[in-house]
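> Output the structure for:
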Amino acid sequence: MHSIVGPVWRCVRTRYADDTTLTPAADAAGYAFQLKQDGTIHIRGDCNVSGGSFSLKDADLAITITHSTRAARPDGSLEDAFIRDLNRTVTFLLKNDVLYLVLKLDSGTMEFSE
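Numbering: from 1, shown residues only. Down below sits the predicted model:
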């Protein structure tokens, strides 16, 4: 498995092809995920925990989120977009300890740090 498996990756921002950017609040507790050795993914949004599976081959990464808790989210939550975008991942790049997830159809890039 690649070195992206194991660490907890915290979202820094998502940049979209239409020049918009979503950035979680600096004090946000969530917006993180962990790829586990057994092929599962653990995700934390604002108030919800989600999970599913992933497949990884070379630089190709596919994430499938299959379940989530359903706690109410605060106003201004980016959780829905965060989950949607993780599900749209097609490839990744790890550069200088920063993980970039590239979204389908070159629609955007999610940026994460450990």
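> can you give me the helices in the protein?
79-87 (DSSP state H).
> which stretches of it have low pLDDT?
Low-confidence segments of the chain (pLDDT under 70): 1-2.
> can you give me the strands in it?
Taking DSSP state E, the strands of the chain run over residues 8-16, 21-22, 32-35, 40-44, 49-57, 60-68, 89-95, 98-103, 108-113.
> Could I get the buried residue list for the fourth one?
Judged by neighbour count (16 or more other CB atoms under 10 Å), strand 40-44 contains these buried residues: Ile41, Ile43, Arg44. Backbone N, C-alpha and C define where each C-beta goes, glycine included.
> got it, and the last one?
Neighbour counts over strand 108-113 (16+ other CB under 10 Å) mark Gly108, Thr109, Met110, Glu111, Phe112 as buried.
> show me the contacts for the last one.
Taking CB atoms under 8 Å, 6 or more residues apart in numbering as the criterion, Phe112 is in contact with Trp9, Arg10, Cys11, Val12, Ala32, Phe33, Val98, Leu99, Tyr100, Leu101.
> The first one too?
Residues touching Gly108, when contacts are defined by CB under 8 Å, 6+ apart, comprise Thr14, Arg15, Tyr16, Ala17, Asp85.
> Which of the buried residues of strand 40-44 sits closest to Ala62?
Ala62 has its nearest neighbour among these in Ile41, at 10.5 Å by CB to CB.
> Which residue is the nearest non-sequential neighbour of the closest one?
Phe54 (5.0 Å; CB to CB, 6 or more residues apart in numbering).
> so how far is Ala71 from the spatially closest residue to Trp9 that is not a sequence neighbour?
Distances taken as CB to CB, 6+ apart place Phe112 nearest to Trp9, at 3.9 Å, with adjacent residues excluded. Separation of Phe112 from Ala71 (CB to CB, to the nearest Å) stands at 23 Å.
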